[in-house]
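*Asks:* With the input below, show me the fold.
(one chain, ligands or ions: 1)
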Amino acid sequence: MQAVLIEGDGIGPEVTAAACRVVEAAGARIDWVKAPAGLDAAERLGDPLPDETLEMIRRYRVALKGPCTTPVGKGFRSINVRLRKELDLFASVRPVNTLPGVKTPYDRVNLVVVRENTEGLYAGLEHEVVPGVVESVRLITKPAAERIVRFAFELARNGGRRRVTFCHKADVMRLSDGLFLECARAVADEFPFIAYDEKPIDNLCLELAADPSVFDVLVMENLFGDVISDLCAGLVGGLGVVPGANLGGRYAVFEAVHGSAPDIAGKGLANPIAVIRSAAMMLEHMGYRPAAEQVERAVARTLEAGVGLTRDLGGDGTTATLTEQIVRHLGA
Ligand code: NAI
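*Replies:* Model (predicted):
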């Protein structure tokens, strides 16, 4: 089976190489088709997200992607935002669960953040009104709002989850989140067998800090989802361990929550677990469930054993030592 591989920038090539090694060791026969994206593609091909890369994903339907650097405030638009819009990857899914051996103030965390990926403040609708005054449009449309909430309920139903929480700020953004809230309530009525509740986004942050184990599926708009995903990663061990997927009706791009980590790039210090677990999500999506479960188990056993872990996990190992440990535990 073929799948597209985007190595990305910074630590991207290091962590995606680790993921490919683990996938191969798990016995899943993936024929990786490398596609350019990121700073290197911008320099060599004049476009950080070349058409050929989009074409490859359209052809093979699935991709594993390393993080891509986006220069702040100038230069090209975020590759990730473009990729999600071009391929209509409307749902970002980040499973956040307590991992064995990873010390955090919380245990029994097992939630999923579902983020709307195409609209909100990340729709890219910004303009300068007059010098010194800029406006960003927070776009919310009924079809996209209903689609993401329905996706969250279907994910809950198919994954044996019991509750969906819609997160918003409708008391302040009365029109935009007002519409989103209305859509969420209408879709919730279609799923009477799954509990539904609503949470203002600031309350959600407070409650996540107090006891994240009470949440199940969280669904929200783009900017809130971006922030909450990182916050939730912090609850269970940090950006190095949380996987992710960007899913649409046709295509799926799997990637970690973290970025290209320029501060540690090229030093062999990056934790590959987030991308390895993203690859496991990809395997599951492609129908290789046993291999996906095997990878998840090997990651859990490696963390439990606590040998060869990278610095972000309190160890003194490297990307290579951690990858080797995961491979070793695959057969255990
Ligand atoms: P970042 O996630 O790259 O790094 C934040 C901190 O976490 C850094 O201290 C970094 O060393 C650490 N970190 C991240 N991943 C790690 C890993 N696997 N192992 C160990 N430590 C890790 O976020 P930052 O610095 O805000 O962004 C850097 C660049 O990445 C920016 O250009 C940003 O636009 C881009 N980015 C790309 C994403 C993507 O392609 N999906 C997502 C987030 C950011």
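
*Asks:* Below-threshold pLDDT in this protein: ranges please.
*Replies:* Where the chain drops to pLDDT under 70, the residues are 71-76, 332.

*Asks:* gap between the most centrally placed residue in it and the ligand?
*Replies:* Central residue of the chain (CA atoms, centre = their mean): residue 244, 2.8 Å from the mean position. Distance of residue 244 to the ligand, given as CB to the nearest ligand atom, to the nearest Å: 8 Å. C-betas here are computed from N, CA, C, even on glycine.

*Asks:* Who are the contact partners of that residue?
*Replies:* Taking CB atoms under 8 Å, 6 or more residues apart in numbering as the criterion, residue 244 is in contact with 92-94, 229, 254-257, 274, 278, 281.

*Asks:* again, 6 Å this time
*Replies:* 94, 255, 257, 278 (CB atoms under 6 Å, 6 or more residues apart in numbering).

*Asks:* what about the nearest residue to it once chain neighbours are set aside, distance to the ligand?
*Replies:* Counting by CB to CB, 6 or more residues apart in numbering, residue 244 lies nearest to residue 94, which is 4.7 Å off, once chain neighbours are set aside. Distance of residue 94 to the ligand, given as CB to the nearest ligand atom: 11 Å.

*Asks:* re earlier: next, format the contacts of residue 244 as JSON lines and append neighbour count and secondary structure.
*Replies:* Formatted as JSON lines, the contacts of residue 244 follow (neighbours: other CB atoms under 10 Å; DSSP: H, G, I helix; E, B strand; the rest coil):
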{"residue": "94", "neighbour count": "25", "secondary structure": "strand"}
{"residue": "255", "neighbour count": "28", "secondary structure": "coil"}
{"residue": "257", "neighbour count": "23", "secondary structure": "coil"}
{"residue": "278", "neighbour count": "26", "secondary structure": "helix"}
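
*Asks:* and of those residues, the nearest to residue 330?
*Replies:* residue 278 (16.8 Å; CB to CB).

*Asks:* quick check, residue 327 in a helix?
*Replies:* Yes. Under DSSP: H, G, I helix; E, B strand; the rest coil, residue 327 sits within a helix.

*Asks:* Surely it and residue 26 touch.
*Replies:* No. Judged on CB atoms under 6 Å, residue 327 makes no contact with residue 26 at a distance of 8.7 Å.

*Asks:* Please tell me I have it right and residue 145 contacts residue 182.
*Replies:* No. With contact defined as CB under 6 Å, residue 145 does not reach residue 182; the gap is 8.3 Å.

*Asks:* Between these two, tell me which one has more neighbours.
*Replies:* residue 145 (26 against 14; other CB atoms under 10 Å).

*Asks:* Just the element for the more buried one, please.
*Replies:* helix 142-158 (DSSP states H and E).

*Asks:* Show me which residues of the next helix or strand after that helix are buried.
*Replies:* Counting by DSSP H and E, the next helix or strand C-terminal to helix 142-158 is strand 163-168. Applying a neighbour-count criterion of 16 or more other CB atoms under 10 Å, the buried positions in strand 163-168 are 164-168.

*Asks:* residues from this structure in reach of the ligand?
*Replies:* Residues of the chain found near the ligand (CB under 6 Å from any ligand atom) are 11, 15, 67-70, 80, 239-240, 255, 258-264, 270-271, 274, 312.
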